[in-house]
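Asker: Structure of the sequence below:
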Amino acid sequence: MTETKPKRKFKIPHLLWIMVGLLIFAVALTYIIPAGQYAKDAAGNILQDQFTFLDAQTPVNLFDMLMLLMDGLVSQAVVIFTVMATGASITVLLETGAIDDVLDWAIYKLQNFGVVPLISIMFIIMTYIGGFAGSDALVAMVPIGVLFAKRLKLAPIVALGITLFPSMIGFGTGPTTAATPQMIAGVQPYSGFFVRLLIMNIFMVIGLVFLLRYVKKIQANPENSIMYAVVGDFTQTNGDEPVEETTTTLNKRSMLTVILFLLQFVFIVIYGMTGEGNILSFMTAANLVTAIVMGISSGMTMDEIGNNVAKGISQMGFIAFIIGLAGAFTLILRTGNIMDTIVYAATIPLSKISGGWANIGIMLIVSLLNFIIPSAASKAAILIPTIMPITNALGISAQAAVQAFMFGNGFTILISPVLGWTLGSLEAAEVPYDRWVRWVTPIIVVFMIVAAVILYILTLLNW
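Answerer: The predicted structure follows:
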């Protein structure tokens, strides 16, 4: 008998190879797409009605591509080092264990208030954690959600409903996660802070209502749970399992650490509002100082603080390098004089519809790329340099274009099969991927519709 070899499953290539492929693709395009240029005014703004094709092609070869890599990295240096400093601040916060302590204490204090208040408060806390400190390190919060679901005798998917789900809502719509795409787009970081804070709260409320309706439905009949076929009657099985006690007192150092972390954003926003100085320089300084102060306040030794700052910087190192490669991608298109041609070709069909609908189209394109490129910073580095000239030519404000990117990145990422944050959370909660997709897809559709309405209004208002 002949052995049948198992079929190899398709696997998304590593982000490095996706980026290398994009660079080579850009080189190929310089040989295919006709070279052209827009006329520009004295301020360097595109004159949409003055585009001309060049007499000859100006292709970029592979050697030229390699020589542009350093220029691309240098062009994004400010963004790269700011992102690294942010990584240091977030890593020190997570390594202190302060968030774990605060959540454990909250669960203990709120456990006698009933299901609805307890779920609501935990959902709000996790949304704000995601909005201000969102990263794949928040997978560590899922076991807390599992404990939470067991105590309340709820379906295992509720563990994700109060950890992964709200933290990703915060991460996708929060005001601080806009900083990286804003920097790449040339928009002042944290501008529009309060509008985005309002937007985050709108989606937080919609998500919370969705979760509470599900909890009410499965409490009425456990068979209504999307996990019933997997775990059976969770009200029986969970009730028999021992549950570890959480802390009964709030660690003052942990609370101080969380407050210090949040305060840095207050100072950054206030500094940005003054319009004085370089906001990116201030952000980098604020992140580094906050990391050190949080480490001291939490009782870390000097070596521990140094190691955790280094860990945070190194964790962002590869993403920072990808941001630099994306800068080279843009330089290839510009050196080959095809960036303006691409913009011209894209604006012809888009110009026939309103700016609001065109911006919604951009949101949808970004949302599809979540299934290939999960990293928000990497997508921003790759897409925004191409998106911005198009939106500029259509008269769409840079702020509204950044919001289209954020909405596109923020929702379908919940079901991305290549995002470690999602897959790691599912594994920790022992929830099959297909069950998670069935549970969360309806609310993603609702989110996208609401986002489209908000985006249309913001674009119409030229925000």
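
Asker: buried stuff in whichever helix or strand residue 362 is part of?
Answerer: For residue 362, the element it lies in under DSSP states H and E is helix 355-369. Neighbour-count burial for helix 355-369 flags 355, 356, 358, 359, 360, 361, 362, 363, 366, 367, 369 (criterion: 16 or more other CB atoms under 10 Å). Bear in mind the C-beta positions are built from the backbone N, C-alpha and C, glycine included.

Asker: quick one, helices of the stretch 1-150 of the chain?
Answerer: 15-32, 62-75, 77-96, 98-110, 115-133, 142-151 (DSSP state H, counting those that start in this stretch).

Asker: Who are the packing partners of the fifth one?
Answerer: Going back to what we said before, that points to helix 115-133. Using 3 or more CB pairs under 8 Å, 6 or more residues apart in numbering; DSSP states H and E as the contact criterion, the neighbours of helix 115-133 among helices and strands are helix 77-96, helix 98-110, helix 164-173, helix 193-220, helix 252-274.

Asker: ok so, going back, so for the helix holding residue 362, mean pLDDT?
Answerer: The average pLDDT for helix 355-369 rounds to 82.

Asker: Format the CA atom coordinates belonging to that helix as PDB.
Answerer: Taking C-alpha atoms only, helix 355-369 is exported to PDB below (Å, rounded to 0.1, in the frame of the first residue of the first chain):
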ATOM      1  CA  GLY A 355     -15.400  61.900  -0.200                       C
ATOM      2  CA  GLY A 356     -17.400  60.200   2.500                       C
ATOM      3  CA  TRP A 357     -18.100  57.100   0.400                       C
ATOM      4  CA  ALA A 358     -14.500  57.100  -0.900                       C
ATOM      5  CA  ASN A 359     -13.200  57.100   2.700                       C
ATOM      6  CA  ILE A 360     -15.600  54.200   3.600                       C
ATOM      7  CA  GLY A 361     -14.100  52.300   0.600                       C
ATOM      8  CA  ILE A 362     -10.600  52.800   2.100                       C
ATOM      9  CA  MET A 363     -11.900  51.500   5.500                       C
ATOM     10  CA  LEU A 364     -13.100  48.300   3.700                       C
ATOM     11  CA  ILE A 365      -9.800  47.800   1.900                       C
ATOM     12  CA  VAL A 366      -7.900  48.000   5.100                       C
ATOM     13  CA  SER A 367     -10.300  45.600   6.900                       C
ATOM     14  CA  LEU A 368      -9.600  42.900   4.300                       C
ATOM     15  CA  LEU A 369      -5.800  43.200   4.800                       C
END
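
Asker: returning to what we had before: rebuild the helices of the stretch 1-150 of the chain as TSV, extending it with distance to residue 317 and mean pLDDT.
Answerer: Below are those laid out as TSV (distance: least, CB to CB, whole Å; pLDDT from 0 to 100):
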stretch	distance to residue 317	mean pLDDT
helix 15-32	13	85
helix 62-75	12	90
helix 77-96	7	82
helix 98-110	24	73
helix 115-133	19	81
helix 142-151	26	73
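
Asker: May I ask you to name the longest helix in the chain?
Answerer: Among the segments of the chain that qualify as a helix by DSSP state H, the longest is helix 302-335.

Asker: Thank you kindly, that will do.
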